[in-house]
Structure formats: structure tokens, C-alpha cells
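**Q** Fold the following, please.
(chains A and B)
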Amino acid sequence: MTSSHRAVAVLATAFVVLGAAPLSAHEEAAVEALAVIHEVRPATEGIEVRVFQLTAPTIVVTNESEASFVVFGLGGEPFLRIQDGTVETNRLSPTSYRALDPTGERPLPGGIDPQAPPEWVTIARAKTWSWFDPRAAYSPGSPEWSIPIEIDGSPGAIDGDHEPIEGHGHLDTRLVDRPRIEGLELRLLDAGVPAVFVRNTTGRVLHIPGRAGEPFLRVGPRGVFGNQRSPDFYAAGGQTVREAPAGADPDAPPRWRELSSQPVWQWLEYRARLPASAHQRAVLGAERKVVLRWETPLRLGTDDLELSGEVVWLPPRTTHDEHQGTTLGSTLAAIVGAAVAAVLLFVTTRRLRALGS
Amino acid sequence: MRRLGSAASAVILLASTGAVAIADEAPDPGKVGAWSKPFAEVAKFAKRPPRNAKESMAIPPAVAMSMLPDGRVLYWGGLESLEDMTYPTALDAPRYITKSRTRLLDLSGSQPRWSTPRPEDGGAHDLFCADQRLLPDGRLIAVGGTIWKPDPVNLRPVTGKDGPAGTTELFGSNAVRVFDPATDRWHNNRKWMKFSRWYPTLLTLGNGKLFVASGVERLIYNDKGLNVHQTETFDPATGRWKNNGAGGQTSLPLFARLHLLPDGNVFYSGVGQMWGPFGQAVDEALWHLYKGYDPKKNEWTTYGVGNYGARSGAFSVMLPLEPPYYRADILVGGGTLATSPGSYVANNITEIIRAVGGQAVSMHGPDLNNDRWYSSGVLLPDGNVVAVSGATRDEVIAPASETPVLEAELYNGKQWIPLRSAARVRTYHNSAILLPDGSVLVGGHSPINNGYGAKADNSTEPLTGTNNFKDPSFEILKPPYLFRGPRPVIDHAQKGIAWGSAFDVGTAEASDVKKVVLYRLPTTTHITDADQRAVNLPFTSHEGFLDVKAPPNGNVAPPGYYYLFILTGEDRKLIPSKARIIHVGASEQPGEALAPMGR
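**A** Reported below is the predicted structural model:
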């Protein structure tokens, strides 16, 4: 077999192999498959874990609890620790470097030793941190992923999965019932924390309570007024979000401040927000279902009204739907590749026979 | 693999249709316009785009473009030297990135000419992701921008002596630089903004002061989870900034599309760049709203909600203001829908937002012929709009996954008409402005060359057709109205007009003139020009001249420099003159107005 024949045969074989591997190019896998979180174990109040898809999956952790949150690296060594508003990394862990490198292609520096006791270095004063984690990257044939963690000494994991970007599972926040009163317009604005838009031209005052039931907003002919004693005045205020001052107390007598001279306003409606922990696929399940029902009691003049809504889990369309085209393309390419390889093999064999080798 | 499938389909399609060469009938430029050949500061890039990292870094692309009162174009680059890194972008950008370089382009002669302002980089921080506007006196102000730093600040114990010091973080800048066209020099303004802003929006108010909103102090590891809510006002007379306090605060997306309404209020059209700190801002639901800021009351009010809510990477163009100047229509098109993590796929949906009396409603507009993310929308003096450049996907989310949109389109008030296609790929960080001769200067293209990860990802993507290198070239789109016959000529216009006054415009075609239009000199970056506006002026025709009524006040036409066009022809087939550049403000200026590209 001549070297050129070998090269052709290798190319043909490579074509078969590449053609048969779905989503083998790393950038394409990253674009077409979406990492999602199945479950975070052990469930802990005050710890939220999310995953974002950039070119590589990015894990974002917020630790507002008093517990320590430790993430283990690729070799099982601890590499990241978030506690008491401080983020530390183990400088001897190779994962500390990999967590910054979405490709995982760069050489590691010398001197690292994953087996050695961790040497923690503080890298930020923050409760939230994120890192690239190659374990959450899409891998053909094994869409599940897992990242070992430890919360306050209890071992656990961030378990994840992958869904196709188009048709991935998502949560739909929607209104179920709203007052049908001429001059009163209420609309829901969907986002991480949903918001409610109101326009009230009824001539009567619309009262909106805060989450603790305290007076929060008044929207009426004289404009919009907010109760500065309500914590929601700061957290859900409608123009800006900030920490509530010490004087904020839902039980205190209201102190009203004019927010607008027009009867139009909006507020972040935390009652309609599903916490990040409830976004986990293990919680949401495989079936379409309502995962949150919420109500905002309203009062227009002296009439009690109700604004209500729900968050509906729409599970992913079967991943096979998304990948059918891919598989078809792969199969087609594989068949073509195999045919080319077979022809080349046949020709090569005949030539080899003719040459008597 | 999907790509292989697509390629196979394309082969089959080609095989089934046969290699038939269809004679390309010369399209009528009066219907589909025409494009100039590309041109560039370095001649070889006029013939072809840069082919390697070294070439890509050679000269800046026009990420930001501004028309100066002397008719020259000031522009600068962005993401400079991103091609030349050892480690991935997400790690190494602060070590390798260089500050944006500025250039002056003079198109008044038979050949374009370039020169370099001093200092070349504008002087303070990186101009990349700053916003810029013309001051009423004709100087240009650029605020904010980028400070590249590794974060966490010291990871050398982890990455080694020669490794990067941490993950790339984009910090906002509070720098304020002023470019003086009289000296071609940049100066630092004595006072900088009180808040650092990356991706702010800067807008001229009716009183000539400048209003800045939004931006972010740091993009990625931003524990607040919020963009900058504080707004500030700049007084050109004193060079000082004022924090607008609690009343001026609001939540807006990055590069929020703001427009000054003819009642003097600032309007947010529900469009911006919708990604935020850690990917999402806590309060991004509020970006779905139309809002207005009343500078006199120092108060934001909510104007309404659009049919499609927030839109990211869409264009937002205020259509010409008509007498008696009580309302504004804003054409919004393309982009992706919803806040982060909304769709990554571009759409072809347009809306016309009508803002009047403190309220805004959205009306469906005609569909674009192409799905367009990050297309530049350029208002023409006849009131039509062209959309150029852009891509089919949000390239920031998935660099190099987009297919470029080369076809230009023209909105004629009823529908979008396909125009001829540009020669060059211009997706992320493209720019386009109207020139004084009525044509459109199209430039820019500065993608995230390396994605966020791999080095050596620079290539022309064979299957999407996008170009991962920068393109420093320009092209000029000549809209159909330039091929409709003889153009009217402005024989005389005075240098400066005063609000509320009457002024003469000399023209031999006075009896044929259908419109007299003031058009604010364009200053754009990131497909945003908050000062963009055209004002149709009432006039009466006389033998050899027009008696024109100037705008009533600064809310309709903020003080500063404008193109003055006259248009003849039929109602939907108008023909513009070449423009004079005139000043509009509190007082008249005698003398003949500049005709930067001839009469």
C-alpha cells in the first residue's frame, strides 16, 4: 500500500468517524445544547445555583446562607469555596485554572498538586461567583453531568442534564385572572423577577399591598404614591431596586411619597417569582404542569379585586425531535463516507493484487 | 454535524438545479439602489478584508462614527488586538487588548483621505463602548467606555508567572473626553462622570445640556446584579456633571435606545442590549416598558408596554417630526425578543411606537425581508429608513454562529423593499451614517474574534459565511432616490438659524420643493444614536427662494449642527438635494453655510 493510498484510506475512515459523531465540534455542541440543572444536593436554604450557556456552560452560585459551599475539582480535590461573603480558590488544584478556561486547551502551570492539602487564596469578597465547568459541557451520548460539592460538610452534587436550545424546557409566567374594569389595565411582564404594569384611569385609587400585606402602592387620579415604610418600596419599587434602609417596617404607619404624577406604574412582583431552587428539573418533572400559583390582592376604591397568575412548566420537546435532523445528517454523511471508503478499499485491494503484494 | 447535513443538502440542491448561469439583468438603481466599491485607509483592504490576525489589527474598523460640522467623519475602533492573545479571551483580554484608535475620514474630495487625531486613542481609558454626541458648539464629547482588568485581581499563584492574572472583566469608565475639530485634538474634560458606565446612552436635551443614563459599573462579576440606575446631566457651559438624584433614577438596559421627544421628555423605546451582570439583571422585567423622563420635573413616568416587550439588538429610529411637533413615531425593527436569556435568533418584526402626551402605543409595522440582529437603521431625508448590515443570530451569545445579512432594505412608509447587497460582512459593531450628499456611509465590523474561548478561532466560517476578523473598510450605499433624476440645489443657506425665526433658502427649484428637512448630524455606535432626528419644516415657495420657518424650540431641534436638505419630486419618490451644514440654536449666525460635499 503506497503512502498516498494510506492517506486516502485514513481520510475516508476519518470521514466515516467524523460523520457518525453527532455534535462533535465543541463549538457547535455548545451552541445547540443547553446545560440545565437537574438537582442540587443537599437542598439548602439561601444557596442558589444556576447555569448559563455562553460558549461554555457557566455555573453561577449565590451563597447567602451561613453554610460553607465547597466545589470539588476534576480530580476530586476541593477547588472553590464560598462562605461568609468570601470566595476562595485552591491554588494547588488544576481545576482552579480550568474553571477560568472555557476551552480547557491551555497548558496548566507548574507546581500544582491536586493531591496536596488545599491552599486557599481569597479571590473576591462576594456572595456570588461563577466558573466555567467542563463537566457541564455537552458530551454526545451522555447528556447528564455532575459536579461534586459539599455544603457545610455534607457531601452532595450539582447534577445536570442537557436540552436542545430550540424547544428546551422553560417556565411560562402568565396571568390567569385579572379585573375586567374599564380604565384599569394590568399586564404581566415576564422575566427572572416578573413585573406588573398598571394604568388606572378609572378615577378611583388602586391600592396594592406589599408582600407582608402592608400598604405598598397607590395608583390613582393624583398619580402614584409609594409607602416608604414598606420593604417592597425598595425591593420592588418600580424604577430602581435597592436595599431597604433600617427604617423600613411593614408594620409601621405608612409614609407616602409621590412617585409619579401620572396614574401609570409598575412593580416587580416577587409573588410571581419561582425561586431558582425550584427551576431544577428534578423538581419540575417531565410533564407540563403548574408549578406556582400566585395572587396579588388589590383594592380599587372600596372594592376588593384580585390579580392572579401561574407559572407553568413546559418540559422540553423530546430531545430526539431536535436531534433527528442531526442524526439524519450524520447518518447520511456516514453512509457517503462508508461508500467512499468501500470504493477506495476495493480499488486499493485490486491494485494491491495487481501489484502482487 | 448539522452543518454537514446542510452542506450535503446544498450539494444535492446544486446538483438538482444544475450549474445554470443566469444572466444577471442590470437591476435598476432607481429601485434597488447601488453600492460603491469598498474603500479603506490601507488600499489592500479595499480589495479584500484582512486575512490574518496581523492584518486584522493593522487599522481600526469604524465601531463608532460621527459626522463633524466641517463635514469630516470621526471614527474609532473597538476590541482592538483581541486577535493576538495567548490564552482564551475570557482570561487574557486585559493583557492583550489595546485602546481604540481614532481616525478622521474626509470624503469631500475625489478620493477619501484619512488623518489621525491626537492623541490617537482619545486620551483616557478605552473609547470602546463609550457613547458620543456632538456638543452644541460642534465639538464631540465621548463618555464612559471600557477599563479592561483581570478579575479576580491576582490569580498568578494559580496561573503561573506567565499566565493571565484572572478572568476578563469589563469595568465601566467614567472618563469624559472632548474632541475639537478645529485642532484635531482630544482633551480630557476637567470633570468626569460621577458614575462609571460601560454601554451608557448619551443624549442632548432641549436646553443643550447632555443627559446620560444606564451603563454598568462592571459587567460580569457584578454582585449588585444591576445596571447603573443613576442618571446625570452635563452642562457644556461649565463642564460639570450633576447627579439627577432619586427622581432621575431608573432601570434601563445597556445602550438603551433613548430619543428626545418634541415635548422635551426623554423616551426609552424598549430596546437596548438586554444582557446584564452575571447574564441577567435582577430587575430586567422593567426593561419591557416604554418610559419617559421629564428633565424639568426630574421624574420618570411609564408610557406603556409594547406588543413584543423588550427587544435586544434592534434598531430604533425616530421618524421625521412633523409640524406642529406634538408627537413622535419611532420605528423599531429586528433584534431578538425578550430580556436575557431570551431568544438568540434574530427576527424580522417591526413596530412603530407612537409617543404622545406621556403615553406610547405600539403598532405593527411591515415585516423586514430578512431576520436582522444588530442591523443599523439609518433615517433618510425623505423620511424613509434603510437597514444595513447585521446577522441572523445574537453573535454575543454565540460568536461565529451567525450568518451575516448583506442585503440592504428600504422602508418606504408602507413596506420594506429589498435593495442591493453590500460586498462586505458587517455583523457585530457595524455602523452607518447619512452623508451630506444623501448617501449612506457603511462601515465597521469587529466581532469577538476568539469566541470567549479558543485562540486561533479566527477564520472565515465556511458554512455561516461570517468573517471572524475585523473589517476596516467602508462602503457607500446610494439609495434609489439618488437615481431619480436631477437633484435640487441649495444656492444659499445661512450658517446658523434661531429657533422660531424665519429664514431663506435660495434655490432655483423653489416651486418644485416638497420638503425642507433639518437632520441632526449623526453620531452612532452600537447601532445607537440618541440624538438622531429629522425635522420637517414648514415653508412657502417664492421665486428663487423658500421662506422657511425654523423649529420653535430646542425640544424639537436641540441646539447644535444639522444637515439642511430640500427635496423635490413626487410624494413617494422624492429627490433630495445635497445638504448644507447649519447651526440651530438661540441665535442666528450670518454667512454662508458649508456645503461639505458640494452643491
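**Q** thinking residue B:214 is in contact with residue B:232, fair?
**A** No: when contacts are counted by Cβ atoms under 8 Å, residue B:214 is not listed as touching residue B:232 (11.0 Å). Glycine gets a C-beta too; all of them are placed from N, C-alpha and C.
**Q** More neighbours: those two, which one.
**A** Remark: of residue B:214 and residue B:232, residue B:214 carries more neighbours, 28 against 24, as counted by other Cβ atoms under 10 Å in any protein chain shown.
**Q** Now do that one against residue B:253, distance only.
**A** 7 Å (Cβ to Cβ, to the nearest Å).
**Q** Which neighbours do the two have in common?
**A** Taking Cβ atoms under 8 Å, 6 or more residues apart in numbering or on different chains as the contact definition, residue B:214 and residue B:253 share the neighbouring residues B:227, B:272.
**Q** So the residue nearest to the spatial centre of chain A versus chain B, what's the distance?
**A** What sits nearest the mean C-alpha location of chain A, by Cα atoms, centre = their mean, is residue A:51, with 3.9 Å. Computed as Cβ to the nearest Cβ, to the nearest Å, the residue A:51 to chain B distance reads 10 Å.
**Q** What segments of chain B are helices?
**A** In chain B, the segments counted as helices under DSSP state H are B:2-17, B:29-32, B:44-47, B:53-56, B:89-96, B:156-159.
**Q** packing partners for the second one?
**A** Helices and strands touching helix B:29-32, as assessed by 3 or more Cβ pairs under 8 Å, 6 or more residues apart in numbering or on different chains; DSSP states H and E, comprise strand B:416-421.
**Q** gap between the strand it packs on and the chain center?
**A** Computed by Cα atoms, centre = their mean, to the nearest Å, the chain-centroid distance of strand B:416-421 equals 20 Å.
**Q** Okay, buried residues for it please.
**A** For strand B:416-421, a neighbour-count test (16 or more other Cβ atoms under 10 Å in any protein chain shown) marks B:416, B:417, B:419, B:420 as buried.
**Q** Stretch A:274-288 now?
**A** Buried residues in stretch A:274-288, counted by 16+ other Cβ under 10 Å: A:274, A:276, A:277, A:279, A:280, A:281, A:283, A:284.
**Q** Report whether that stretch contacts chain B.
**A** No: using Cβ under 8 Å from any Cβ of the partner chain, stretch A:274-288 stays clear of chain B, with a minimum separation of 10.9 Å.
**Q** could you give the mean pLDDT of that stretch?
**A** Averaging pLDDT along stretch A:274-288 yields 88.
**Q** next one: stretch B:546-565
**A** 98.
**Q** how long is that stretch from one end to the other?
**A** One end of stretch B:546-565 sits 12 Å from the other (Cα to Cα, to the nearest Å).
**Q** Then stretch B:529-549?
**A** 26 Å.
**Q** residues of that stretch that come out buried?
**A** By neighbour count with 16+ other Cβ under 10 Å, stretch B:529-549 contains the buried residues B:529-537, B:539, B:541, B:545-546, B:548-549.
**Q** how far does that stretch sit from the chain's center?
**A** 24 Å.
**Q** again with stretch B:41-56
**A** 24 Å.
**Q** Can you tell me which residues in the stretch 201-350 of chain B are near chain A?
**A** Checking the stretch 201-350 of chain B against chain A by Cβ under 8 Å from any Cβ, the hits are B:220-221, B:223, B:225-226, B:229, B:249-251, B:278-280, B:282-289, B:297, B:299-305, B:309, B:338-339, B:341, B:344.
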